[in-house]
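Student: Need the 3D shape of this:
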Amino acid sequence: DIHSYPYDNPDTEVDESKDGLCSDEFGRCTIRAAVEEANILNQPVNLTFSVSGTINLTSEISPHDGSSINGNNQITLSGTVPLVLMNGNTIQGLKISGAFIAINIQGSNNIVGVIGGNYNEIVNCNNGISIGGTGNKIYNNFIGITAGDNLQPNQVGILITESNNEIGKDAAGASNIICGSSNSAIIIGFGTGNIVAGNYIGTNISGQSGLGNAIGIAINSDQNIIGGSGTFSPNTISGNQIGIAIYAAPPDTYADQNSIVNNIIGLSALQDSVIPNNHGISITNGVTNTKIYDNVISGNATDGIGIFAYDDISYTSGHIIYRNRIGVNKNNVQYPNRTGISIYGNVADVTIGTDEINNYMPNTIVGNEETGLEIKSYFGYSPNEIVFRKNIINQNGLINLFIDSLSNLGLNTPFGLSFNSNTFSGVHALPGMVIDVYKANKFEIAASAYEWLGSTTTNLNGIFSFTINDPSVEAVSVTATNPLSGTTSGFAKYSSIA
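Tutor: A predicted model of the protein is given here:
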């Protein structure tokens, strides 16, 4: 209220508004009196609440740099923009509800939520946390949901417009739970080097469904990391319409060199139940050079990974997808996506698994409902220079690998296949093609890849041969890869190895 400010009694010679004693006109120690008297004294305030209640702020509170506010999970703040933070402040134990922006971070090195300390709840806001500075750390918060699992959605959970901020981290107790956002749980609009790790996005620790965001993580800027290699680094991104959306705005931005590493997308954190995103990962609108590796991407209602472009401006390229489990969990239990990986339209230069010069490790793409990997034309554009080698692709419903005739420069499959005296041989129309040979299941209708057996190269006449001494091999599938263009053909199957 209007009386909650630091008060100077006009009947005394001392200026009580800067005597270091928290008191307003009525002798109350209010949050505003404490913060603003510290600001008058040009020093930080350490404010801990021992009472409970709701404080309706008529204007923002902006503590001095280095301040600490601890609501002990007993205080609720409301107002248009309750808290504005500059540098080095720590905020914990507050519930903020009904704000336009709950916490507006304009500076650097602030901590919102404390590992091993009190959590914050940020609910029913237009924007939960807005980050316009660098080096800020957001840990141990409930955003769009209460600690009691009561969904109270924000429009946007966290909006980032600067660099080198951390949303969660590789540490026990650092997770944020961000649910129910009508727009996005996290938007990385500008800035580089932001890390999002160890969070629950669209679900909670117990794997509850029905808590999803419209978009889990939306990325529009360069060189950010989603996940990480540590024990506590994986994000669980499940239950959303789109788990991760990377969209650029060419020619102004290309959302270049983002990494999606070691996340769980579409399952519970324990990987023992499905909490489907509609789309797992979606990449379009001019995005370049995304790396997607070491993730479990399973249980999603449509595609696990979708990369597409529909015109010249949205052309997307340079992506590398390796060492993921797509359609299965960490123990190879099948939790199918409808399609494992879908690439269509004006897309080029994508590596799936090992590339033409043997960089990167293969993916496991198994058990998806319709297709393991599909590469298709769209709106008059065809994907090209898509290389995929050494991946394990099998038991996907209708077809393991589909490439339409216009895609990948129309590269033909090997033909004229035969087996004699432990030698498997065949022909390709072009010399110098890398021929990858896979162990297949002769009873699986679609050509399959259960194990990469090795590779050989076509000679000047397009002829190749490969020795198979393993008696367990009853059928093989083969692809041809043009090492000059980085383009791989579809499967050709031979079922008479004996």
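
Student: With residue 128 as the reference, measure out to residue 143.
Tutor: Here residue 143 is placed at a distance of 5 Å from residue 128 (Cβ to Cβ, to the nearest Å). Bear in mind the C-beta positions are built from the backbone N, C-alpha and C, glycine included.

Student: Over to residue 154?
Tutor: For residue 154, the distance to residue 128 under the criterion Cβ to Cβ works out to 5 Å.

Student: Kindly report the same for residue 206.
Tutor: When residue 206 is compared with residue 128 (using Cβ to Cβ), they lie 22 Å apart.

Student: of those two, who's got more company?
Tutor: residue 128 (33 against 10; other Cβ atoms under 10 Å).

Student: List the buried residues for stretch 150-165?
Tutor: For stretch 150-165, burial by neighbour count (16 or more other Cβ atoms under 10 Å) applies to 152-163, 165.

Student: Same list as before, those that is, but in CSV and with distance to residue 420 included.
Tutor: Formatted as CSV, the buried residues of stretch 150-165 follow (distance: Cβ to Cβ, whole Å):
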residue, distance to residue 420
152, 70
153, 66
154, 67
155, 67
156, 64
157, 63
158, 63
159, 65
160, 62
161, 65
162, 65
163, 62
165, 62
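
Student: just checking, which of the residues you listed belong to strands?
Tutor: Among the buried residues of stretch 150-165, the subset assigned to strands under DSSP state E consists of 156-160.

Student: from these, which single one is nearest residue 495?
Tutor: Of all those, residue 495 sits closest to residue 157, with 52.0 Å by Cβ to Cβ.

Student: so who does that closest one touch?
Tutor: Applying Cβ atoms under 8 Å, 6 or more residues apart in numbering to residue 157 gives the contacts 122, 128-129, 143-144, 178, 181, 184-186, 213.

Student: go with 7 Å
Tutor: 128, 143-144, 178, 181, 185-186 (Cβ atoms under 7 Å, 6 or more residues apart in numbering).

Student: Out of those, who's the most crowded?
Tutor: Tallying neighbours with other Cβ under 10 Å puts residue 178 at the head of the contacts of residue 157, with 37 neighbours.

Student: Could you check how many residues crowd around the closest residue to residue 74 other than its chain neighbours?
Tutor: Spatially, and ignoring its direct neighbours in sequence, residue 74 is nearest to residue 52 (3.8 Å; Cβ to Cβ, 6 or more residues apart in numbering). Number of residues near residue 52 (other Cβ under 10 Å) recorded here: 11.

Student: Return the distance of residue 52 relative to residue 75.
Tutor: For residue 52, the distance to residue 75 - Cβ to Cβ - is 7 Å.

Student: How about residue 37?
Tutor: 19 Å.

Student: Find residues that contact each of residue 143 and residue 128.
Tutor: Counting by Cβ under 7 Å, 6+ apart, the residues touching both residue 143 and residue 128 are 122, 154, 157-158.

Student: Can you add pLDDT and give the residues you listed back as CSV?
Tutor: Written out in CSV, the entries for the shared contacts of residue 143 and residue 128 read as follows (pLDDT from 0 to 100):
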residue, pLDDT
122, 98
154, 98
157, 98
158, 98
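
Student: Residue 399: which of the residues you listed is nearest?
Tutor: In terms of Cβ to Cβ, no member of the shared contacts of residue 143 and residue 128 lies closer to residue 399 than residue 157, at 38.4 Å.

Student: okay, the angle between the helix or strand where residue 104 lies and strand 156-160?
Tutor: Remark: residue 104 resides in strand 101-105, with elements defined by DSSP states H and E. On the basis of axes from the mean of the first three to the mean of the last three Cα atoms, to 10 degrees, strand 101-105 is oriented at 20 degrees to strand 156-160.

Student: got the contact list for strand 101-105?
Tutor: 81-85, 91, 96, 112, 122, 125-133, 136.

Student: immediately after it, which helix or strand?
Tutor: Assigned by DSSP H and E, the successor of strand 101-105 is strand 111-112.

Student: and that next one, what does it pack onto?
Tutor: For strand 111-112, the contact count by 3 or more Cβ pairs under 7 Å, 6 or more residues apart in numbering; DSSP states H and E identifies no helix or strand as a packing neighbour.

Student: Output stretch 385-402 as CSV, restricted to C-alpha atoms.
Tutor: The C-alpha coordinates for stretch 385-402 follow below in CSV (Å, rounded to 0.1, in the frame of the first residue of the first chain):
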residue,chain,number,x,y,z
GLU,A,385,22.8,-35.1,-49.6
ILE,A,386,21.3,-37.1,-46.7
VAL,A,387,23.8,-39.7,-45.6
PHE,A,388,22.9,-42.5,-43.2
ARG,A,389,25.3,-45.4,-42.5
LYS,A,390,25.7,-48.2,-39.9
ASN,A,391,22.4,-47.5,-38.1
ILE,A,392,20.4,-50.3,-36.6
ILE,A,393,17.0,-50.1,-38.3
ASN,A,394,14.5,-52.8,-37.9
GLN,A,395,11.0,-53.8,-36.7
ASN,A,396,9.5,-50.5,-37.8
GLY,A,397,5.8,-51.2,-38.7
LEU,A,398,5.4,-50.7,-42.4
ILE,A,399,8.9,-50.0,-43.7
ASN,A,400,12.2,-49.5,-42.1
LEU,A,401,13.7,-47.1,-44.6
PHE,A,402,11.7,-45.1,-47.3
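
Student: Report the rounded mean pLDDT for it.
Tutor: Confidence for stretch 385-402, expressed as mean pLDDT, is 97.

Student: how distant is it from the center of its chain?
Tutor: For stretch 385-402, the distance between its averaged C-alpha position and the chain's averaged C-alpha position is 23 Å (Cα atoms, centre = their mean, to the nearest Å).

Student: Residue 248 contacts residue 283, doesn't it?
Tutor: No. The pair formed by residue 248 and residue 283 falls short of the contact definition of Cβ atoms under 7 Å, at 9.3 Å.

Student: Compare the two (neighbour count), which wins?
Tutor: Looking at residue 248 and residue 283 with other Cβ under 10 Å, you find the greater number of neighbours at residue 283, namely 28 against 23.

Student: In terms of secondary structure, what does the helix or strand containing the more buried one contact?
Tutor: Using DSSP H and E, residue 283 sits in strand 279-284. Using 3+ Cβ pairs under 7 Å, 6+ apart as the contact criterion, the elements in contact with strand 279-284 are strand 242-247, strand 303-309.

Student: I am finished for the moment; much appreciated.
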